[in-house]
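Peer 1: Structure, please.
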Amino acid sequence: MGSVLSTSFASSIPPLADFLPPTPEAYSFLLSTFQYFPVVTIAQWLLPYHPAGKTSLPSKTTRLNFPGPLAWFVMEIIGPLNLLYILSCLPPQLNIASLPLWNKLVAALYVIHYVNRAVINPLFANPSMSPIHLSVALPAVLFNWFNSSCLGGWLVGYETPVLGFRTDGMSGSAFSRVSIVREVLPYVGLVLFGIGMAGNIAAERTLYRLRREEADRRYIAIANEKKKKQEQQQQQQEPEKTHEETKNRYAKVYVVPPPKGLYRSILYPHYVFEWLEWLGFALAGTAVFPSRKPALIPSSHATPPIRNLAPWLVPAARLAEWLRVPLPLPAVVFCVNAVANMLPHARWGRRWYVEKFGEEAVKGRGAVVPWVKCL
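Peer 2: Have a look, this model is predicted:
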């Protein structure tokens, strides 16, 4: 039985060439597969192993570490580059400029987020990034490629039919409450995305500032102590700088954010604000064509339907039907997968803070849920 299922699955995979850029068949396969990513994250709930950031492995113990800023840049830049590549591969009669406004706008939101995440954060804003192990970098590359391929196919106009659900909204000539919701919802999404991104950046910059201040405080304290010893020994010559003095003073310096501002009740507000971003992204996606205009993709290239919608996505499909708005399934999948991926990291991160600094320093705050210690 198992061999029959594996053979059936293998036969359903389109040829490799169909993924670069994705054809409608490849798009449907990728989305059908990527929607089940939360199942993979069960391992993240069970195992604290995450050799990156605070919990990175010493480079001297493994050859599979990569410099933090470079690894982070490569991991994250895959997404926007792949999305732009897919948009650039539109049929000859089309181009990015010819896409409807909301398609271009939603694509721009994604790229803007990742410019901050892939370029500004690791290369300019973050004072120091610990090595990142290959076991973290490679899955991140795959996640971002899967995600951007799904979003790219959606934004160039591939429809996303789901068996058993109405995914294109329901049009009507009457000006009703439903039609108002359909018109307003994308703009609500833009507002939420803007709030989420602003909060995410503010929370991260606060964390970076606290790390810099703590590292500078330690550096000054060590320098004063050495100066005091030198004066006591009456050494006149300039001592040679040791390795400890010349390395990045900010490396591996971590602090518990004080319980104020965005960190008043939770330890990972930057995660929560990023989730708000992607919720807004999904709401803005209800305006993405082909729901508003006839599809520009030839009918002979119709997208195969999603036959089995993941159970945790069914409420979103039902809500879209009730509101009579198109279901932006790739954006919803992204939002759900982002939460599923980051939530266990936040939970283990809170535990790390407690082990490193004590519960008193954490002051009862939750990871992402205010004052809830288990989350």
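
Peer 1: Would you mind listing where the stretch 101-250 of the chain has pLDDT under the threshold?
Peer 2: By pLDDT under 70, the weakly predicted segments of the stretch 101-250 of the chain are 170-178, 231-247.

Peer 1: now the strands for it?
Peer 2: Secondary structure of the stretch 101-250 of the chain by DSSP state E, counting those that start in this stretch: the strands cover 132-133.

Peer 1: where do the helices sit along it?
Peer 2: For the stretch 101-250 of the chain, applying DSSP state H, counting those that start in this stretch gives helices covering 101-115, 134-155, 177-233, 243-246.

Peer 1: any chance of the ones you listed in CSV, plus mean neighbour count and distance to I86?
Peer 2: C-betas here are computed from N, CA, C, even on glycine. Shown next, in CSV, are those (neighbours: other C-beta atoms under 10 Å; distance: least, C-beta to C-beta, whole Å):
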stretch, mean neighbour count, distance to I86
helix 101-115, 18, 10
helix 134-155, 21, 3
helix 177-233, 15, 21
helix 243-246, 9, 45
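
Peer 1: would JSON lines of the ones you listed with distance to N337 be doable?
Peer 2: Output for the helices of the stretch 101-250 of the chain, formatted as JSON lines (distance: least, C-beta to C-beta, whole Å):
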{"stretch": "helix 101-115", "distance to N337": "14"}
{"stretch": "helix 134-155", "distance to N337": "7"}
{"stretch": "helix 177-233", "distance to N337": "16"}
{"stretch": "helix 243-246", "distance to N337": "42"}
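
Peer 1: how far does stretch 302-316 sit from the chain's center?
Peer 2: The chain centroid and the centroid of stretch 302-316 are separated by 22 Å under C-alpha atoms, centre = their mean, to the nearest Å.

Peer 1: Quick one: residues contacting the nearest residue to K373 once chain neighbours are set aside.
Peer 2: Leaving aside its sequence neighbours, K373 sits nearest to G366 (C-beta to C-beta, 6 or more residues apart in numbering; 6.2 Å). Residues counted as contacts of G366 (C-beta atoms under 8 Å, 6 or more residues apart in numbering) are 265-267, 350, 372-375.

Peer 1: The same query, at a cut-off of 6 Å, please.
Peer 2: With contacts defined as C-beta atoms under 6 Å, 6 or more residues apart in numbering, G366 is in contact with 266, 372, 375.

Peer 1: on that earlier part again, mind checking which of the helices of the stretch 101-250 of the chain is nearest I42?
Peer 2: With C-beta to C-beta as the criterion, I42 lies closest to helix 134-155 of those, at 14.2 Å.

Peer 1: Put the alpha carbons of the closest one into PDB.
Peer 2: Taking C-alpha atoms only, helix 134-155 is exported to PDB below (Å, rounded to 0.1, in the frame of the first residue of the first chain):
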ATOM      1  CA  LEU A 134      23.400  24.500   7.400                       C
ATOM      2  CA  SER A 135      20.500  22.600   9.000                       C
ATOM      3  CA  VAL A 136      18.800  26.000   9.600                       C
ATOM      4  CA  ALA A 137      19.900  27.800   6.400                       C
ATOM      5  CA  LEU A 138      18.900  25.100   3.900                       C
ATOM      6  CA  PRO A 139      15.300  24.600   5.200                       C
ATOM      7  CA  ALA A 140      14.900  28.400   5.200                       C
ATOM      8  CA  VAL A 141      16.000  28.600   1.600                       C
ATOM      9  CA  LEU A 142      13.400  25.900   0.700                       C
ATOM     10  CA  PHE A 143      10.700  27.600   2.700                       C
ATOM     11  CA  ASN A 144      11.200  30.900   0.900                       C
ATOM     12  CA  TRP A 145      11.400  29.300  -2.500                       C
ATOM     13  CA  PHE A 146       8.200  27.400  -2.000                       C
ATOM     14  CA  ASN A 147       6.500  30.400  -0.600                       C
ATOM     15  CA  SER A 148       7.600  32.900  -3.300                       C
ATOM     16  CA  SER A 149       6.700  30.300  -6.100                       C
ATOM     17  CA  CYS A 150       3.200  30.000  -4.700                       C
ATOM     18  CA  LEU A 151       2.800  33.800  -4.400                       C
ATOM     19  CA  GLY A 152       4.400  34.400  -7.800                       C
ATOM     20  CA  GLY A 153       2.000  32.000  -9.600                       C
ATOM     21  CA  TRP A 154      -1.000  33.600  -7.800                       C
ATOM     22  CA  LEU A 155       0.100  37.200  -8.600                       C
END
